[in-house]
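>>> Sequence and computational prediction follow.
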Amino acid sequence: MEWETVIGLEIHAQLATQSKIFSGASTAYGAEPNTQACAIDLGLPGVLPVLNREAARMAVMFGLAIGADVAHRSVFARKNYFYPDLPKGYQISQYELPVVQKGQLTIDLEDGTSKVIGITRAHLEEDAGKSLHEDFHGLSGIDLNRAGTPLLEIVSEPDLRSAKEAVAYMKKLHQMVVYLGICDGNMQEGSFRCDANISVRRKGDPKFGTRAEIKNLNSFRFVERAIEFEIERQIDLIESGGKVVQETRLYDPDQGETRSMRGKEEANDYRYFPDPDLLPLVLDDEFIAAARASLPELPDGKKQRFVEQYGLSSYDAGVLTASRELGDYYEATVAALGSEPKLCANWVMGDLAAFLNKDNRDIGQSPVSAVQLAGLLRRIQDQTISGKIAKEVFEALWAGEGDADAIIEKRGLKQITDTSAIEKVIDDVIAANPEQLAQYRAGKDKLFGFFVGQVMKLSKGKANPQQVNELLAEKLKG
Amino acid sequence: MNSSSPTAMHDKTIAQLSASLAAGEFSSEELTRVFLARIEQFNPGLNAFITVTAEPALAQARAADQRRRQGEAGPLAGVPIAHKDIFCTNGVRTSCGSRMLDRFIAPYDATVVEKLNAAGVVMLGKTNMDEFAMGSSNETSFYGPVRNPWDLDAVPGGSSGGSAAAVAARLTPGATGTDTGGSIRQPAALCGITGIKPTYGRVSRWGMIAYASSLDQGGPMARTAEDCALLLGAMAGFDPRDSTSVDRPVPDYVALLDQPLAGLKIGLPKEYFGEGLDSEVARVVEAAIAEYRKLGAETVDISLPNSQLAIPAYYVIAPAECSSNLARFDGVRYGHRCENPKDLLDLYTRSRAEGFGAEVTRRILVGTFALSAGYYDAYYLKAQQIRRLISDDFRRAFAQVDVIAGPTSPTVAFNIGEKVDDPITMYLSDIYTIAVNLAGLPGLSLPVGFVGQRPVGLQLIGNYFAEDRLLNVAHRYQQVTDWHQRVPAGF
């Protein structure tokens, strides 16, 4: 039996505003419990919400970036349910009329093709607080610091057909919101998290199967594993004569499985209705135009430009535009060097990336600036040092030993290009290896490499390789 | 009133007190002591106050006197008032008439409180009210019913019954109230005082504990339109903390009180004079309208054809909103919490069942039902459509007339206990006031006579932001009549 998987994702991106969506309290992460919750966040009697304009602006930027309709009029609604970390007994969200409607995102698939994923809607809402179930001797603690933090809930169409596609979509969306500067993208702190709706159907069946929703997936790996597990679970269930029931499930990363959290019959009736404390969100053309003007260059456009402007491969351009900061770093390097964008790409994606990776740093935390890197590359370009020596210089740059020129000078790494000096080394090498010389002259051409190696060794790697080759070939001829 | 002897301090209107304070006839501290003494004397019989704040009141009075000595006193400086216990008052219990908030000390001031404080008023205390403003008789209060100073067997109306009774009994010259379906106007009518519910958005709702957010509006209650003008001028205005407050200048209501009424067109909706209206009340109201004709106004018969739909629409919308607004009272962060909850559900259900009275519980249940999946369209959505029809009725009417007049309530005050077991009859007490809230219009009630010893109120309804006109129309009437000067026997 051939099965097809149908996946839709609901992603909550925490908006990077300074203050909360309906109050002036700070949104900074990690403060002492309940120190960043004001009267509004606590839901005291008589308090009222006032929309944070910045949250609306960020939602609009997102809408424009995904080519969506930005609603000139959207409505905040109350989602009513009781929970101790939901202070008002309702969450302010958007229901019937969200601010962003009908957008799309193109993802790249492993086979090199791309696929357009529909985005049904994105709406503004407030986050709840946190319930802490440990360390309270059988009681629960409530931390309302997070209550009222602005979220953009981004709902995809059920267009995704595999866990890999789901992850590709989620990564692309993550890249987008971080590019836009509307979300810090920190998944460990919960700034970007995902609920996945998953169903399976027999290939060709026009009807969707019954779906299960997996809540609160906060890493790309978990999303992939949870979906894989869930697909298998559903297929096994159906093939063994069972039926998938509509329910909410939780992924347990330790066991690598999903477990039922609550069934459909236990689902809340949220009794949505328009929030009478908030007027409809009316966005005029001017506001939308200002948001449009503040849009940065978006990932797809930047990638395309890198291919055209710098002659990079699509793959390289993709890597270098993975984040805005990396792209900026690359472009700063090219600008400082003034030429050879491919050389720059190789170094940024090669040695620099490896070092960053090893130290678990972002490009923003690189100890080697773009200008410093360009300074190093310039010395490769003008043959002051070889590519090999450059690796040593880079290590010193990373260690903070100063600029490339100073390091080259201090360590005496300048390449030897003086013909007579190189000839002297070659002569010494030939004199020291009469046997190899005889063999070479008898036709054993492979020994050429041996001589090059000896020359480089004796010159401590500083002899210009190209000159070594030329001069050595001449001398060996005899 | 004996005109040969000087008027007692407690019999003076706010305008008169303001003049006396300015003239140095007495200090705010002396005045405050007079009212505190009257509260001590009469409140046990009336139950108009839930909390009396004697010490802070005297401190405010002394501060006002100080300001006056420094020449910084405005017209309300040193004038005592009382706040309905629905307005949050920093450091003072704010109970909303409910066991749920019996021990709740508000950590901040409502905008209305803040603005009146800035104007220099002295807060005597917090007045009794129907629990969470849900009621028309003040009988749903956790603190017990308020008695009507005109007849101690009668209710004062509700929900701002404590404020109305306190003003009528001269325990305070003025008070704040809130009006969701008639809660300022109906008790004003039943207690023979003047009260105005402003246009929705005119007065900030920040710090005013929500009952039905799209209908709630704060306003002043006093003996005269002039006093209401003084108080409203200080209470009204845009508040960035309330998204539904309107950014529009506040007119000088006092300066506009004396405009002549010649040519004024008063609309008389036939639906407000039909079945259900007590014939004695009708006679008093018609006499008041005749007085207006004498003042030069012209009356026009009009129709508000959807009037009969107002109560059913209101009793869907208000409970729906309240079911959500009151969800925050869950025993988790503040307010009543049951003893020894065995789990979360027990904490919620027992805290709420113990903390809320019967009428509040009824409205939460009705509202929860109305918003439920499968019922939303039939109830909430339909009610909102009716709301639009009602607004349209008024819009058409105001194309023809300047103000609309009619009875505030179909009967005079009824007896305590008379309607508590019959919510529908109780709800009908607000039949003429509720539509005004649904449309968001301003409405005023002024005393225009009596049936027996119980007062009758005339309701004036204005177009959006026509508070100045309503106060003016009421004031001109009060210049030629003395109903507003009558004092209940024994007070």
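Yep, that arrived. Model, not experiment: these values are computed from the prediction.

>>> So for the residue in the stretch 301-450 of chain B positioned nearest to chain A, what's the nearest residue that isn't a sequence neighbour?
Ranking the residues of the stretch 301-450 of chain B by distance to chain A (CB to the nearest CB) places residue B:327 first, at 2.4 Å. Using the backbone N, CA and C atoms, a C-beta is placed for each residue, glycine as well. Computed as CB to CB, 6 or more residues apart in numbering or on different chains, the closest residue to residue B:327 that is not its neighbour in sequence is residue A:89, at 2.4 Å.

>>> The one you found: what's it in contact with?
Contacts for residue A:89 (CB atoms under 8 Å, 6 or more residues apart in numbering or on different chains) come out as A:43, A:80-82, B:324, B:326-328, B:330.

>>> okay, those in a markdown table with distance to residue A:316 and neighbour count next?
Written out in a markdown table, the entries for these read as follows (distance: CB to CB, whole Å; neighbours: other CB atoms under 10 Å in any protein chain shown):
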| residue | distance to residue A:316 | neighbour count |
| --- | --- | --- |
| A:43 | 52 | 23 |
| A:80 | 51 | 21 |
| A:81 | 49 | 15 |
| A:82 | 53 | 18 |
| B:324 | 54 | 26 |
| B:326 | 60 | 27 |
| B:327 | 55 | 23 |
| B:328 | 55 | 22 |
| B:330 | 56 | 26 |
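
>>> Of those, which belong to strands?
When DSSP state E is applied, those are split such that residue A:80 fall in strands.

>>> how about the helices in the stretch 51-200 of chain B?
In the stretch 51-200 of chain B, the segments counted as helices under DSSP state H, counting those that start in this stretch are B:54-69, B:111-118, B:161-168, B:185-191.

>>> does the helix or strand hosting residue B:367 come close to chain A?
Assigned by DSSP states H and E, residue B:367 belongs to helix B:358-370. Yes: Helix B:358-370 is in contact with chain A by CB under 8 Å from any CB of the partner chain, via residue B:368.

>>> Residue B:90 is in contact with residue B:106, isn't it?
Yes: here residue B:90 lies in contact with residue B:106, judged by CB atoms under 8 Å, at a distance of 6.1 Å.

>>> These two: which has the busier surroundings?
When neighbours are counted by other CB atoms under 10 Å in any protein chain shown, residue B:106 comes out ahead of the other of residue B:90 and residue B:106, with 24 against 15.

>>> Enumerate every residue touching that one.
Residue B:106 makes contacts with A:44-46, B:88-94, B:207, as judged by CB under 8 Å, 6+ apart.

>>> go on, residue B:318?
Under the criterion of CB under 8 Å, 6+ apart, the contact list for residue B:318 reads B:180-181, B:211-212, B:215, B:363, B:367.

>>> Ok, residue B:253 next?
Here residue B:253 is in contact with B:229-230, B:232-233, B:467-468, B:471 (CB under 8 Å, 6+ apart).

>>> picking that back up, tell me which of the contacts of residue B:106 fall in strands.
Per DSSP E, the contacts of residue B:106 never map to strands.

>>> picking up where we left off before, among the contacts of residue A:89, name the ones in helices.
When these are checked against helices (DSSP state H), the matches are residue B:324.

>>> and of the contacts of residue A:89, the nearest to residue A:440?
residue A:81 (84.9 Å; CB to CB).

>>> Look up how far residue B:214 lies from that closest one.
Here the distance between residue A:81 and residue B:214 works out to 21 Å (CB to CB, to the nearest Å).

>>> Which positions in the stretch 301-450 of chain B make contact with chain A?
B:320-321, B:323-324, B:326-330, B:332-334, B:344, B:348, B:368, B:371-373, B:376, B:380.

>>> In PyMOL, how would I select the buried members of those residues?
Only the buried members of those enter the following PyMOL selection, criterion being 16 or more other CB atoms under 10 Å in any protein chain shown:
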select buried, chain B and resi 320+321+323+324+326+327+328+329+330+332+333+334+344+348+368+371+376+380
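
>>> Tell me how many other residues crowd residue 443.
If you meant another chain, say so; for now it's chain A. When neighbours are counted by other CB under 10 Å, residue A:443 registers 8.

>>> my bad, chain B
Residue B:443, neighbours per other CB under 10 Å, totals 30.
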